[in-house]
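Asker: With the sequence up front, the predicted model follows.
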Amino acid sequence: QVQLVQSGAEVKKPGASVRVSCKASGYTFTSYGITWVRQAPGQGLEWMGWISAHNGDTKYVQKLQGRVTMTTDTSTSTVYMELRSLISDDTAVYYCARGLGEHQLLDYWGQGTLVTVSS
Amino acid sequence: DIQMTQSPSSLSASVGDRVTITCRASQSISSYLNWYQQKPGKAPKFLIYSASSLQSGVPSRFSGSGSGTDFTLTISSLQPEDFATYYCQQSYSAPFTFGPGTKVDIK
């Protein structure tokens, strides 16, 4: 069965970086993309960006350009999301989701990773 | 970027009620509209894609319609497990933005 398992919760200081992993199993990893979505406490869903597991192509939301990098490791079927220069507004649950096709239909989701940014 | 709005932001309903949620895009997105359900503390669940196609395993009481800029999600007979927050999302052009959500709670 398809599974996306994310790394554990993180607490970071402002200005630091965080890397969240998302390990995929149960499907052909390179046939799908992975999208990252975050959700601040009590807020809605925010699309952060997408990476193709086939060729590493990425698309990021403009507000995070320059601070976010998404990478893949096809040998372990793992996708990484690194966010740098953290601010308190980055405190959120970060989800990875499998994206189907060009229009990235998010059919399977990871369990979420809470990232807390606090001094 | 395409902006998505939803109405209402919240609603109270009873088991058995018919519930309709509206989603509007700031420009035409053809039928590239998806719906997700999220329960507290859980990841979102994929319900509907391409405005009206039900994802496998989703109960038939859920339906979607619309094209262009205006879309609806309908739950024909609300069940206890349907109390949740519902989000629309456009997948027409990146960034694939979400609506702000509609919370459905118990009257």
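Answerer: Great, that's in hand.
Asker: how close does the most centrally placed residue in chain A get to residue A:81?
Answerer: With distances taken as C-alpha atoms, centre = their mean, residue A:36 lies nearest the centre of chain A, 3.5 Å away. From residue A:36 over to residue A:81 the distance is 5 Å, taken as C-beta to C-beta, to the nearest Å. Placement of C-beta: from N, CA and C, glycine included.
Asker: list the residues that contact both of the two?
Answerer: Both residue A:36 and residue A:81 are in contact with A:48, A:70, A:94, A:96, where contact means C-beta atoms under 8 Å, 6 or more residues apart in numbering or on different chains.
Asker: Low-confidence stretches in chain A?
Answerer: For chain A, no stretch is flagged by pLDDT under 70.
Asker: and the residue lying farthest from the centre of it, what is it in contact with?
Answerer: The centre of chain A is farthest from one residue, residue A:119, which by C-alpha atoms, centre = their mean lies 23.4 Å away. Contacts for residue A:119 (C-beta under 8 Å, 6+ apart) come out as A:13, A:14.
Asker: Okay, and the beta partners of residue 72?
Answerer: Using chain A. residue A:79 (DSSP bridges).
Asker: if you could check chain B rather than the one you did, that'd help
Answerer: Applying DSSP bridges, one finds that residue B:72 bridges with residue B:22, residue B:65.
Asker: from what I can see it touches residue B:64, true?
Answerer: Yes: between residue B:72 and residue B:64 there is a contact at 6.8 Å, judged by C-beta atoms under 8 Å.
Asker: Settle it for me: which of these two has more neighbours?
Answerer: Taking neighbours as other C-beta atoms under 10 Å in any protein chain shown, residue B:72 and residue B:64 compare with residue B:64 leading, 23 against 17.
Asker: which SS class is residue A:30?
Answerer: helix (DSSP: H, G, I helix; E, B strand; the rest coil).
Asker: List the residues that contact it.
Answerer: So residue A:30 contacts A:53, A:54, A:74 (C-beta under 8 Å, 6+ apart).
Asker: Check residue B:76 too.
Answerer: B:18, B:61, B:62, B:63.
Asker: Quick check: phi and psi at it.
Answerer: Geometry field for residue B:76 lists phi and psi as phi -70, psi -30, criterion degrees, to the nearest 10.
Asker: Is residue A:34 bridged to anything, and to what?
Answerer: Under the criterion used (DSSP bridges), residue A:34 bridges to residue A:51, residue A:98.
Asker: Quick one: neighbours of it, just the number.
Answerer: 26.
Asker: ok, now how distant is it from chain B?
Answerer: 13 Å (C-beta to the nearest C-beta, to the nearest Å).
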